[in-house]
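In: What follows is a predicted structure for the sequence shown.
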Amino acid sequence: MTGTPGRLAVIAGAGALPRLVAQAADSPPLIAAMEGFAPDSLHPDLSFRVERLVPFLNDLAARGVDRVVFAGAVRRPRLDPALFDAATAQLVPRLLAAMQGGDDATLRAVIELVEEAGLQVVGLDQAAPGLVPGPGVLAGAPSDRDRADAARAAAIVAALGAVDVGQGCVVAQGLCLAVEALPGTDAMLAQVAGLDPALRPDPARGRGLLFKAPKPGQDLRVDLPAIGPRHGARAMKLYLIAGEPSGDRLGAALMAGLRQLAPGVDFQGVGGPLMQDQGLHSLFPMEDLTVMGLAEVLPRYPLLRRRLAQTVEDVALARPAALITIDSPDFCLRVASRARAARPTLPTIHYVAPSVWAWRPGRARKMARVVDHVLALLPFEPRYMREAGMTCDFVGHPVVAEPRATPAEAAAYRAALGLEPGDPLILALPGSRRSEVARLAPVIGQVLRLLLPEWPGLQVVLPTVRGVADQVRAAAAAWPIAPVIVEDATAKRAAFAAADAALAASGTVSLELAANGVPMVIAYDMNWLTMAIMRRMARIDTVTLVNLVSDTRAVPEFLGDRCKPDLIAPALRALLTLGPARSAQKEAMAVTMARLGQGDEPPGLRAARSVLGVLQRPRQIQPPPRTLPPSGA
């Protein structure tokens, strides 16, 4: 053997395991991948085919390799007789005879060939001992029912292994729901996921388990029975809770990402129409939770209290792999607290970091008592969460991935409204909560009255959501211009792309406007007591996310006692003409979108990767280095 001895080679198949082995090795190993089975997030140093096995093994030796470890998933490859070299062709009778003896015989033959080439085959426990858990229960406390199911599963797998059929099965309440065969573990779990509910045991009596164990005489160096995060995801149930439309959008994108990465994952919980489109059967209407402000909560407190108890009970019955709460912290974190009290080992993930950089900084440490991991929308938030004791990934804001109308669709929308050149189109966005609409809709009507003399051809589009659509129609009836009220998603996209300016309630809608390049004025009012308390607790001088993320103050705000038509109208008027106010907002919006992840992997998919990663082991997605905490934080 030539070269420097002692180097490890990872014979890599598909999946994440080769990367984990490479990261855990004492020194960087050589990565060799079989063609057609590329590892995840790992660039191979070389690739090979079975038809040229002998030259490949000689190449490893020439590169100074003396040990190899097999990691990753492979299937029996299709062999091309035309590609065999002379030396490997002599091994064909030996390989074919081994393949007729089953998978174990084939793997033993491969080990023999590798060792005959002067290379030592090592197992994962030697190459990456940190990846192989020791004996015993790793998490939770198995019940007597679980132990009985495990004993039943062990007997089934022993019988399967004796005839070289498979290494795993799924058992619930003593019933075998599926066994592993040639298609593999994923196919077995998909079979369980598609099982007729009438054939499933009563979940209240026990959830069952997935069991894997080696076959008799199996060489664990090359075929170690494993249950990875993808397998767990296929068999798992996640409980999600969203309390308002913005959370419903986040939840739907997360669910879509999870289905892409882990087909077969099951969802249960509370959500709106978008999450329901992704397969969630909501425990009750999400609108029951859509309320904000101290004074606004009090009249609905009895209903909220009932919904809290109902949700906590449902989480306990569902026994999910994790509880994922989405924004709405006043409700969601109470659920998390009670659910964790009932089941201390329940993993908890919260989507949308609390704005501790804005007010009530103590919320993060309080949240850390019941939340393990946070999915942050803003690039400066992870450090606040980590300082409080939670792990946190910046996953990007979903607004950067939402579909937008084309310029042609925007022009067609303006033409359909009959707008003449020079006639402005304004978006009126009074909020998604009933309390917001009640306070802001009359103000918007008065602002429009002040603008009409200068722009008699002015038109208004009023996008709204299901929970407040009836209230919006009633309030807009008093405006001096009859707005076009839209609920359809396609029409909303066209309206955002076609608009010249917007008057909007404070909230995430400012980012939707920024994504479409629509200059805006932000207005907001609430009960005087709530506003007074929030002003005393605020740590920043702006509430608009475009201002915060871009570190500018380009978007004007009119809050509380400044939410007056005579103050708002001049600011909106300045945006309807070309000038410095409009240009400054355009620049700030472009910076905001770049910092929120525009052009990167979709946030819903990044959030899904984070969730699946946390269920196996925490990891960090660092925010871009150019991002800083907001001014004043």
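Out: Here it is on my side, so go on.

In: Residue ranges in the stretch 501-633 of the chain under the pLDDT threshold?
Out: Scanning the stretch 501-633 of the chain for pLDDT under 70 picks out the ranges 528-540, 616-633.

In: can you give me the strands in it?
Out: Ranges of strands in the stretch 501-633 of the chain, per DSSP state E, counting those that start in this stretch, are 501-505, 520-524, 557-559.

In: what packs against the last one?
Out: This points to strand 557-559. strand 520-524, helix 565-575 (3 or more CB pairs under 8 Å, 6 or more residues apart in numbering; DSSP states H and E). All C-beta atoms are positioned from the backbone trio N, CA, C, and that covers glycine.

In: Same list, those, but as a markdown table with mean neighbour count please.
Out: Shown next, in a markdown table, are the helices and strands packed on strand 557-559 (neighbours: other CB atoms under 10 Å):
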| stretch | mean neighbour count |
| --- | --- |
| strand 520-524 | 27 |
| helix 565-575 | 18 |
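
In: Can I get these in TSV including distance to Leu458?
Out: What follows is the helices and strands packed on strand 557-559, written out as TSV (distance: least, CB to CB, whole Å):
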stretch	distance to Leu458
strand 520-524	15
helix 565-575	11
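
In: residues near the closest residue to Leu378 other than its chain neighbours, how many?
Out: Of all residues not flanking Leu378 in the chain, Val549 sits nearest, at 6.5 Å (CB to CB, 6 or more residues apart in numbering). Counted with other CB atoms under 10 Å, the neighbours of Val549 add up to 26.

In: so how far is Arg404 from Val549?
Out: With distances taken as CB to CB, to the nearest Å, Val549 is found 19 Å from Arg404.

In: cool, Met385 as well?
Out: Taken as CB to CB, the span from Met385 to Arg404 is 30 Å.

In: Give me the more crowded residue out of these two.
Out: More crowded of Met385 and Arg404, by other CB under 10 Å: Met385, with 25 against 15.

In: Tell me the buried residues in the helix or strand harbouring that one?
Out: Assigned by DSSP states H and E, Met385 falls within helix 382-387. By 16 or more other CB atoms under 10 Å, the buried positions in helix 382-387 come out as 382, 384-385.

In: Quick one: list the elements packing against that helix.
Out: Packing partners of helix 382-387 (3+ CB pairs under 8 Å, 6+ apart): helix 363-367, strand 373-376, strand 391-394.

In: elements contacting the second one?
Out: In this structure, strand 373-376 makes packing contacts with strand 348-351, helix 382-387, strand 391-394, helix 603-616, judged by 3+ CB pairs under 8 Å, 6+ apart.

In: now for the ones you listed, which one comes closest to Phe84?
Out: helix 603-616 (39.7 Å; CB to CB).

In: Would you mind writing the CA trace of the closest one as PDB?
Out: Once non-C-alpha atoms are left out, helix 603-616 reads as follows in PDB (Å, rounded to 0.1, in the frame of the first residue of the first chain):
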ATOM      1  CA  PRO A 603     -38.900  29.200   4.500                       C
ATOM      2  CA  GLY A 604     -41.500  26.500   4.900                       C
ATOM      3  CA  LEU A 605     -39.000  23.900   3.700                       C
ATOM      4  CA  ARG A 606     -36.300  25.300   5.900                       C
ATOM      5  CA  ALA A 607     -38.700  25.200   8.900                       C
ATOM      6  CA  ALA A 608     -39.500  21.600   8.100                       C
ATOM      7  CA  ARG A 609     -35.800  20.700   8.000                       C
ATOM      8  CA  SER A 610     -35.300  22.400  11.400                       C
ATOM      9  CA  VAL A 611     -38.300  20.500  12.900                       C
ATOM     10  CA  LEU A 612     -37.000  17.100  11.700                       C
ATOM     11  CA  GLY A 613     -33.500  18.000  12.700                       C
ATOM     12  CA  VAL A 614     -34.600  18.900  16.200                       C
ATOM     13  CA  LEU A 615     -36.500  15.700  16.600                       C
ATOM     14  CA  GLN A 616     -33.100  13.900  16.100                       C
END
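
In: Figure out how far it is from the centre of its chain.
Out: 5 Å (CA atoms, centre = their mean, to the nearest Å).

In: can you check stretch 202-215 too?
Out: Taking CA atoms, centre = their mean, the mean C-alpha location of stretch 202-215 is offset from the chain mean by 27 Å.

In: what sits up against that stretch?
Out: For stretch 202-215, the external contacting residues (CB atoms under 8 Å, 6 or more residues apart in numbering) are 104, 143, 145-146, 149-150, 153-154, 156-158, 160-162, 164, 167-173, 177, 180, 185, 189, 201, 220, 223-227, 231, 235, 317, 319.

In: Any of the residues you listed buried? List them.
Out: The buried subset of these (16+ other CB under 10 Å) comprises 104, 145-146, 149, 153, 156-157, 160-161, 164, 167-173, 177, 180, 185, 189, 223-226, 231, 235.

In: Among those, name the ones in strands.
Out: Members of these lying in strands (criterion: DSSP state E): 168-172, 177.

In: any idea how far Thr290 is from Gly269?
Out: Here Gly269 is placed at a distance of 16 Å from Thr290 (CB to CB).

In: Please say which of these two ends up with more neighbours.
Out: Gly269 (27 against 23).

In: ok, that one touching Leu280?
Out: Yes. Taking contacts as CB atoms under 8 Å, Gly269 lies within contact range of Leu280: 6.2 Å.

In: The residue nearest to Arg414 when sequence neighbours are not counted: what's it in contact with?
Out: Spatial nearest neighbour of Arg414, excluding adjacent residues (CB to CB, 6+ apart): Ala498 at 4.9 Å. The contact partners of Ala498, by CB under 8 Å, 6+ apart, come to 405, 410-411, 413-414, 425, 461.
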